[in-house]
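Q: Mind looking at a prediction? Sequence and model below.
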Amino acid sequence: MNNDYQLFTRNTRAIIFNLQANAIQRMLDFDYVCKREKPSVAAIINPNAKRGGYHKTFWGTKEILIPIYQNLAEASAKHQDADVLINFSSFRSAYPTSMEALDIDAFRTVVIIAEGVPERRARELAAYAKLKNKTVIGPATVGGILSGGFKIGNTGGTIQNIIASGLHKSGSVGFVSKSGGMSNEAYNIIHKNTDGLYEGIAIGGDTNPGSTLIEHLLRYEANPKVKMLVCLGEVGGTEEYKIVEAVKSGKITKPVVCWVTGTIASKMTGEVQFGHAGAKAGSDKETAQAKNKALKEAGVVVPNSFDDYGEKIRKTFEKLDLKTTETDETIPPIPEDYKQLKAEGKVRKPTNIICTITDDSGEEPLYAGLPMSKVIESNMPLGEMIGLLWFKKKLPDFAAKYIEIVLRLTADHGPCVSGAHNTIVTARAGRDLMSAIASGILTIGPRFGGAVSGAAKHFGNAIAQEMTPLEFIKYMKAKGVNIQGIGHRIKSATNPDVRVTLLKKFAKKNFPKTTYLDYALEVEKITLTKRNNLILNVDGCIGVLFLDLMESCGDLFSEKEKEEIIEFGILNGLFMLGRTIGMIGHYFDQNRLRSRLYRHPMDDVLYDTPDPKDLGYDL
Amino acid sequence: MAIRGIREYDGKNLMASNLDKYCEDTVKINNNYLLVGPETDLANCPTQHSWLNNTKLVAKPDMLFGKRGKNNLLKLDATWDEAKAWIEQKRKEEVTISGVKGKLTHFLVEPFVPHKKEYYVAIRAFRNKDVVYFSEQGGVEVEENWDKVKEIEIPVMENGKLIKPEDIDFKSKLPLAGEMKEKIGNFINALYRFFADQGFAYLEINPFAYVNETVIPLDLVGKLDDTAAFENLDTWGRGYSFPDGFGKKLTSEEKFIKDLDEKTGSSLKLTILNPDGKIWNMVAGGGASVIYADTVSDLGYVEELGMYGEYSGNPNEELTFQYASTILDLMTRNGEKGKALLIGGGIANFTDVAKTFKGIMRAIEKHQDKLKATDTSIFVRRGGPNYKEGLANMEKLGKKLDLPIKVFGPETHMTKIVPMGIEHINN
């Protein structure tokens, strides 16, 4: 059991409200350097983690798991040894969560980090804590530290600073201030001028802190390990007069060094609100000058300014004439953090992933180097944007438009084709959007939608090998392969496919060159002599026109790029992108209709199983 | 994050429109008030507020200063036309209030109510209690009759329980008798609940009258805790803009920084003290910034101090760039030579020093010509996460731009750069 004057020991454990990964890691690094037996963080509360879980963090070189709970009561019940709550919740919820903690028996100390807790709530917290005989540190604080024992959250900053300021080992000086930033500065001053800090607390810059300067000073007075007290006060309020009274009345007998900041306030005309809410003199008594004077008169060591604060601390410490004891000076090394070293440019590692199309590591996402805002504000056509992401090229207007036309043409082709059909069946089986669309997309390939790609390959090859249309047809016949993109089940020369007509019209009007289309139309002329429906179909037309598109872009695509684009299946990609629009539509349609599980009618199936005897079974 | 004064109009309006929540309709209160601002079209007011034509009126400036009667800034018993003419006249004049010169921009207009008796009530929040001050002898002489003022203390806690404002009945505690005890008591009960629930730190109504079964607040001073805004989103908490004190006009730079500050979770503060000052402190942290200003003053150079300010709470690069740019522009504006910029701070707990310096460095680069022209020396002192990298970058920048930038870490006492800056301006 701790004494009343002792908030923390080397065995103190805390529960952290809100998952503050950096603060937790810094606490554990401190623990490790101080050679604590157990990590000081017992558990974490994350109100959003309905199912709890674990937080993975470093303990020296090893990784350990810290349990996460959704609420305080549960966490405290499971970790009765934790008597400190470090409350990182926002200024909105700091009050209710801290009040809840004060009602939980296991907690003796509640630290409130948030700035901006209403003053009325803060004073209720202070009063309630007093009733419960507990200590509240904050609001609006970084916390505090027991040197070599227990560290609250981000107090003391990085582990390098902690070691540089000697906070990993115990000294004899008890310190308290309002300011968190200045307490860290003061630890460094104390380290340089004394045998080190015993304990330091920042009570927070608000008007109504949960615990006050004098309360902590009285704890230090009662603690035999503390030999001298150091305090940093601030303009505003009358709290420092309690130190004056305590020294005068003999409640404080240990030497005190104290400086009240804000001497400038009385020299400024007009009102200036300093950085801390409480730093404002309401009367002459609350000025820094008046307080420094009263402290000095009571026998407190008061420097002339902040400049000789350290010197006064040193002289006061020297007068104590303490015997120095040799302590174990070895500090277990804390491995450097990769992130930190990288920031300092001291470490490198090869990357595992390369990305050359987008970049989300800066302030604004980049599409092929182009800031998102440019893409949006210039009203960039969708086709041009696809060009950026697929080819890293600025496509000319006709090419961007062509891509958009293809997306429109391929968006849907009714419920009977395999992609839509699969989507419908999956949707009706009660699966989610993603599953239904995936099942549809998975049908896209050589037979479904693949003719686009196939046509581009067939006609591309024919022209590359300089075959005449007739030679090409003969060559394909000899190989026994149907020419992809030729032929339609219903449409014919006399009943032309309107989609093909539109595509041809657009290309003739807008493409600088239509070499591949013209070639395909020559092939069509020949195939039509064979049968009326052996027309250049829509897939074929899209495919050959894509070749024309690349050809028409001048030097934009190299020969190798053109080959690769076809090879990598860009045309399937175009078909898939377009058709996904329709598949999503089918999914929503089936859901709106509340369609039930699809079962194929038996009378639509020809059942023809083998005779087991033929298989060698004797039934 | 502080206690801030509000306009009399806002205090009265807030009270009149919310009091019924706290008194179950036992108190009637005047709720006809008009705030005239610099943009208000006076000709249009009677159409929106018909009561202006039905009653005699009071008009007075509403700019966070008192003693308006003594300063002859009170128009009483006036018709709307008279009040309007008076406001139009006063809008043009420059007046001096407690030594501060300024123009009158905001006025409160309310019904003029003849009355005999004036009451005094004030409520102040302390760390461990609220105190309600009440007197039957209100008005300008209340301070002379302070012995007649009854002080009623309401502790934060009693008998192990937090006090609920709705459980307090002031009737038996007020120095009143008969039916007034009941009537005024109902009002004070409601007023205390209003005070506690709406996040007030101070509220004074001196005086108020009770006429025709209606509470008439004649003069009101209110101060709100601005951190309580989120608890009062349905009343004043959504974007109430706290007025500045009389004659205190923010410069465009101060306003710019204030607007930046309000938009982020970080803190950015700027108060210009002397635009021709030669020492400019750009300091991180609420505590350290005060100490740097103290030190300049302690060394006898308070009149050379250009500004008070601070940045903290890990502001991002853009914010520190804007903040530093504003300061660099201000300090080099008069073109005089021999200035010192102190980029100071303690040892940060969690603020990334290198990151916050990035924005400052961009600003220095942008203003390098002006800094050279004014022979400005820059002194940097900082510790905390990544401070070594931050200081090294600063030093490099100095070499690159050929600007005198000296850097110091935690091994140097925090305020050591102040005498260095002073030495520079003296040479």
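A: Received it, and whenever you're ready, just let me know what you need.
Q: which ones are touching residue 302?
A: Using chain A here. For residue A:302, the residues meeting the contact criterion (Cβ atoms under 8 Å, 6 or more residues apart in numbering or on different chains) are A:257, A:258, A:259, A:292, A:295, A:296, A:312. All C-beta spots, glycine's among them, are computed from the backbone N, C-alpha and C.
Q: ah, no, chain B please
A: By Cβ under 8 Å, 6+ apart, the contact set of residue B:302 is A:264, A:267, A:268, B:296.
Q: Please apply the same query to residue A:34.
A: Going by Cβ under 8 Å, 6+ apart, residue A:34 touches A:10, A:148, A:149, A:168, A:169.
Q: The last one: how many residues sit nearby?
A: For residue A:169, the tally of surrounding residues (other Cβ atoms under 10 Å in any protein chain shown) stands at 18.
Q: Mind checking which of the contacts of residue B:302 are in helices?
A: Judged by DSSP state H, the subset of the contacts of residue B:302 located in helices is residue B:296.
Q: Would you mind checking the contacts of residue B:302 for buried ones?
A: When neighbours are counted using 16 or more other Cβ atoms under 10 Å in any protein chain shown, the contacts of residue B:302 contain these buried positions: A:264, B:296.
Q: what does the stretch 151-300 of chain B put close to chain A?
A: Residues of the stretch 151-300 of chain B lying close to chain A (Cβ under 8 Å from any Cβ of the partner chain) are B:155-157, B:160, B:162, B:196, B:199, B:201, B:225, B:227-228, B:230-231, B:245, B:248, B:267, B:269, B:271, B:273, B:284-291, B:293-299.
Q: Now for residue B:327: which residues touch it?
A: So residue B:327 contacts B:270, B:280, B:282, B:307, B:309, B:341, B:363 (Cβ under 8 Å, 6+ apart).
Q: Of the residues you listed, just say which sits nearest to chain A.
A: Taking Cβ to the nearest Cβ as the measure, residue B:309 is the one of the contacts of residue B:327 closest to chain A, at 8.9 Å.
Q: is that closest one in a bridge, and if so with what?
A: residue B:270 (DSSP bridges).
Q: my guess is it meets residue B:283, correct?
A: Yes. Residue B:309 is within contact range of residue B:283, at 7.2 Å (criterion: Cβ atoms under 8 Å).
Q: Next, show the common contact partners of those two.
A: Shared between the contact lists of residue B:309 and residue B:283 (criterion: Cβ under 8 Å, 6+ apart) are residues residue B:289.
Q: any idea how far the residue nearest to residue A:320 when sequence neighbours are not counted lies from chain B?
A: Residue nearest to residue A:320 in three dimensions, not counting chain neighbours: residue A:227, with 5.3 Å by Cβ to Cβ, 6 or more residues apart in numbering or on different chains. Separation of residue A:227 from chain B (Cβ to the nearest Cβ, to the nearest Å) stands at 23 Å.
Q: Near residue A:227, how many other residues are there?
A: The number of residues packed around residue A:227, counting by other Cβ under 10 Å, is 20.
Q: Contacts only, for the nearest residue to residue B:361 once chain neighbours are set aside.
A: With Cβ to Cβ, 6+ apart as the measure, residue B:397 is the residue that lies nearest to residue B:361, at 5.2 Å, once sequence neighbours are left out. Contact criterion Cβ under 8 Å, 6+ apart gives B:361, B:364, B:365, B:403, B:405 as the residues in contact with residue B:397.
Q: Can you say which of the residues you listed are buried?
A: Judged by neighbour count, with 16+ other Cβ under 10 Å as the criterion, the buried members of the contacts of residue B:397 are B:361, B:364, B:403, B:405.
Q: mind listing which of these are in strands?
A: Of those, the ones assigned to strands by DSSP state E are residue B:405.
Q: export the buried ones among the contacts of residue B:397 to a markdown table and tack on distance to residue A:502 and pLDDT?
A: Shown next, in a markdown table, are the buried ones among the contacts of residue B:397 (distance: Cβ to Cβ, whole Å; pLDDT from 0 to 100):
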| residue | distance to residue A:502 | pLDDT |
| --- | --- | --- |
| B:361 | 58 | 97 |
| B:364 | 61 | 97 |
| B:403 | 66 | 96 |
| B:405 | 67 | 97 |
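Q: Out of the buried ones among the contacts of residue B:397, which sit inside helices?
A: Cross-referencing these against helices under DSSP H gives B:361, B:364.
Q: Next up, phi/psi of residue A:14, please.
A: With angles defined as degrees, to the nearest 10, residue A:14 shows backbone torsions of phi -130, psi 160.
Q: Is the closest residue to it other than its chain neighbours in a helix, a strand, or coil?
A: What sits nearest to residue A:14 in space, not counting adjacent residues and going by Cβ to Cβ, 6+ apart, is residue A:84, at 4.0 Å. Using DSSP: H, G, I helix; E, B strand; the rest coil, the secondary structure recorded for residue A:84 is strand.
Q: Could I get the contacts of residue B:397 in a markdown table, plus columns for distance to residue A:360?
A: Formatted as a markdown table, these follow (distance: Cβ to Cβ, whole Å):
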| residue | distance to residue A:360 |
| --- | --- |
| B:361 | 25 |
| B:364 | 30 |
| B:365 | 27 |
| B:403 | 35 |
| B:405 | 34 |
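Q: Of the residues you listed, just say which sits nearest to residue B:326.
A: Distances from the contacts of residue B:397 to residue B:326 were compared by Cβ to Cβ; the smallest belongs to residue B:364, at 13.0 Å.
Q: Where does the stretch 301-427 of chain B get nearest to chain A, residue-wise?
A: Checked against chain A (Cβ to the nearest Cβ), the nearest residue in the stretch 301-427 of chain B is residue B:346, 3.5 Å away.
Q: Read off the pLDDT value for that residue.
A: According to the prediction, residue B:346 has pLDDT 94.
Q: Give me the longest helix you can find in the chain.
A: You didn't say which chain, so I picked chain A. Under DSSP H, chain A gives helix A:570-592 as its longest helix.
Q: nope, chain B please
A: Using DSSP H to define each element, chain B has its longest helix at helix B:178-197.
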